[in-house]
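**Q** no sequence on hand, only this structure:
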């Protein structure tokens, strides 16, 4: 199968699934709105031609789902003007090659975004369809403290209220470095966190491998943990100022993981990843309410490089724009900031594909009609320039 067909199937199955869920009529209205937005973004069909020398020429075309799919929503089909994916599609080959070799090595995707992906929204469908095709089980990376735990359906997430939590959205007078998700949590003696798999999808119904990402511990730093409410196990953390990983293997498919900090030097804990020992594909959900994406520059270069060694993302998706505005429709400052973010990430993740998702449509009312806001068009052009300048 040509490499580009992998990603073509990816977008196609996501679009079809979204429409099926949309027409069932059982979802909350807010979820329907979010899924409709996602449909307009990811309803993509990708084809590829291979010339006689074996060189891949990728042709990316948007395409409305046809009546052959037994999914017909005229209102959706008549929205807007659909345009081709632009710029350097060849750099997606890092991701395509990773999918080809998935039986040898797990594949990982980071999905960064704003409020549209809060609560694992959108990301959970992408994860589910990828894991159905390529294997893997588990929701991947989770923060210790979360801004969206009450709306997250894929994981039942609880924690004590005594963690010191720092993120892009909080004050950080001590300049404590945040992790790959834009957040970090520092415990007190007795601070705890728990995760429980919620079987709304197979992808989030169980796990048997737990990875804890942390730094700044020493030989006195001690935690205890339990799996599925079994007996407690004590562990001493490794010393070091770079990113450390504690791997815990469960005896079988598990539903619950509990961790508590006991004593010693307090580490900075970036998060926990719930996975499967048999590999597969994992999609990490990194939402940040009210963010434009420019805050990603606040993650230090050294930490990004450390996370590349430990996580090695094969694809990084950036989905921003809803929180970007300017009074004069000039987005130069935002454009320059995002180019800087992408340059920083490309240096830290040199063998990673990048996909920049454009902002969704914005409307304004003129008389009795709703039309596309001119600010949206200017922002979309700025995002096109970001992709071009960053060569993604």
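**A** Looks like it came in fine. Predicted model only: the values in this text are computed from it and were never measured. Numbers count the residues shown, from 1 in each chain.

**Q** counting by contacts, list what the helix or strand where residue 303 lies packs against.
**A** Using DSSP states H and E, residue 303 maps to helix 301-310. With contacts taken as 3 or more C-beta pairs under 8 Å, 6 or more residues apart in numbering; DSSP states H and E, helix 301-310 sits against helix 332-348. For the C-beta atoms, the positions are set from N, CA and C on the backbone; glycine is no exception.

**Q** name the helices or strands packed onto the helix it packs on?
**A** With 3+ C-beta pairs under 8 Å, 6+ apart as the test, helix 332-348 has helix 301-310, strand 353-357, helix 374-390 packed against it.

**Q** I'd like to know which of the ones you listed is closest to residue 126.
**A** Ranking the helices and strands packed on helix 332-348 by proximity to residue 126 (C-beta to C-beta) places strand 353-357 first, at 11.3 Å.

**Q** go ahead and name everything in contact with that closest one.
**A** Strand 353-357 is touched from outside by 41-42, 91-96, 113, 314-320, 342, 345-346, 383, 386-387, 390, 392, with contacts defined as C-beta atoms under 8 Å, 6 or more residues apart in numbering.

**Q** helices of this structure, start to end?
**A** 3-24, 29-42, 74-77, 93-100, 123-134, 301-310, 332-348, 374-390 (DSSP state H).

**Q** quick one: buried residues of the helix holding residue 303?
**A** Across helix 301-310, burial judged by 16 or more other C-beta atoms under 10 Å covers 303-304, 306-308.

**Q** among the helices and strands packed on helix 332-348, which gets the worst mean confidence?
**A** In terms of mean pLDDT, the lowest-scoring of these is helix 374-390 (a mean of 92).

**Q** from what I can see residue 113 touches residue 323, true?
**A** No: at 10.5 Å, residue 113 does not count as touching residue 323 under the criterion of C-beta atoms under 8 Å.

**Q** neighbour count winner among these two?
**A** residue 113 (23 against 15; other C-beta atoms under 10 Å).

**Q** name the nearest residue to the more buried one, sequence neighbours excluded.
**A** Counting by C-beta to C-beta, 6 or more residues apart in numbering, residue 319 is the residue found nearest to residue 113 once chain neighbours are left out, at 3.8 Å.

**Q** same check, this time on residue 255
**A** residue 197 (4.8 Å).

**Q** what do you get for residue 282?
**A** In space, and not counting its chain neighbours, residue 282 is closest to residue 140: 4.2 Å by C-beta to C-beta, 6+ apart.

**Q** quick check: the one you found vs residue 221, distance?
**A** Noted for residue 140: a distance of 25 Å to residue 221, by C-beta to C-beta, to the nearest Å.

**Q** neighbour count for the two, which is higher?
**A** residue 140 (28 against 21).

**Q** where does the stretch 1-150 of the chain have low pLDDT?
**A** Along the stretch 1-150 of the chain, segments meeting pLDDT under 70 span 1-84.

**Q** 50 instead, please
**A** Within the stretch 1-150 of the chain, the ranges that satisfy pLDDT under 50 run 3-6, 33, 37, 39-79.

**Q** give me the most central residue, the chain.
**A** The centroid of the chain falls nearest to residue 111 when counting by C-alpha atoms, centre = their mean (1.9 Å).

**Q** is that residue in a bridge, and if so with what?
**A** As for beta bridges, residue 111 partners with residue 285, residue 317 under DSSP bridges.

**Q** for it, which residues are in contact?
**A** Contact analysis of residue 111 by C-beta under 8 Å, 6+ apart lists 117, 122-123, 126, 283-286, 317, 319.

**Q** most surrounded residue in those?
**A** residue 285 (29 neighbours).

**Q** right, and it touches residue 117 too?
**A** Yes: counting by C-beta under 8 Å, residue 117 is a contact partner of residue 285 at 6.1 Å.

**Q** shared neighbours of the two, anything?
**A** 111, 123.

**Q** what's the burial count for residue 108?
**A** 23.

**Q** and residue 352, how far is that from residue 340?
**A** With C-beta to C-beta as the criterion, residue 352 and residue 340 are 17 Å apart.

**Q** quick one: pLDDT of the closest residue to residue 374 other than its chain neighbours?
**A** Spatial nearest neighbour of residue 374, chain neighbours left out: residue 329 (6.5 Å); criterion: C-beta to C-beta, 6+ apart. Note for residue 329: predicted pLDDT of 83.

**Q** now for residue 329, how many residues are close by?
**A** 15.

**Q** quick check, it in contact with residue 373.
**A** No: using C-beta under 8 Å, residue 329 and residue 373 do not qualify as a contacting pair, with a distance of 9.8 Å.

**Q** so what's residue 114 up against?
**A** Residue 114 neighbours (C-beta under 8 Å, 6+ apart): 287-293, 319-323.

**Q** again, 7 Å this time
**A** Applying C-beta atoms under 7 Å, 6 or more residues apart in numbering, we find residue 114 in contact with 287-291, 320, 322-323.

**Q** which members of the residues you listed are classed as buried?
**A** Buried, going by 16+ other C-beta under 10 Å: 287-288, 291, 320, 322, out of the contacts of residue 114.

**Q** show me which residues of the longest strand along the chain are buried.
**A** Using DSSP state E to define each element, the chain has its longest strand at strand 244-254. Residues 244, 246, 248, 250, 254 are the ones in strand 244-254 that count as buried (16+ other C-beta under 10 Å).

**Q** name the helices or strands packed onto that strand?
**A** In terms of contacts (3 or more C-beta pairs under 7 Å, 6 or more residues apart in numbering; DSSP states H and E), strand 244-254 is packed against strand 207-215, strand 222-227.

**Q** quick one, which of those strands is packed in tightest?
**A** Using mean count of other C-beta atoms under 10 Å, the stretch among the helices and strands packed on strand 244-254 with the largest mean neighbour count is strand 207-215, at a mean of 22.

**Q** list the contacts of residue 282.
**A** Counting by C-beta under 7 Å, 6+ apart, the residues that residue 282 touches are 106, 108, 136, 138, 140, 275.

**Q** now residue 162
**A** Residue 162 neighbours (C-beta under 7 Å, 6+ apart): 188, 191.

**Q** so it versus residue 192, what's the distance?
**A** 9 Å.

**Q** thanks a lot, see you next time.
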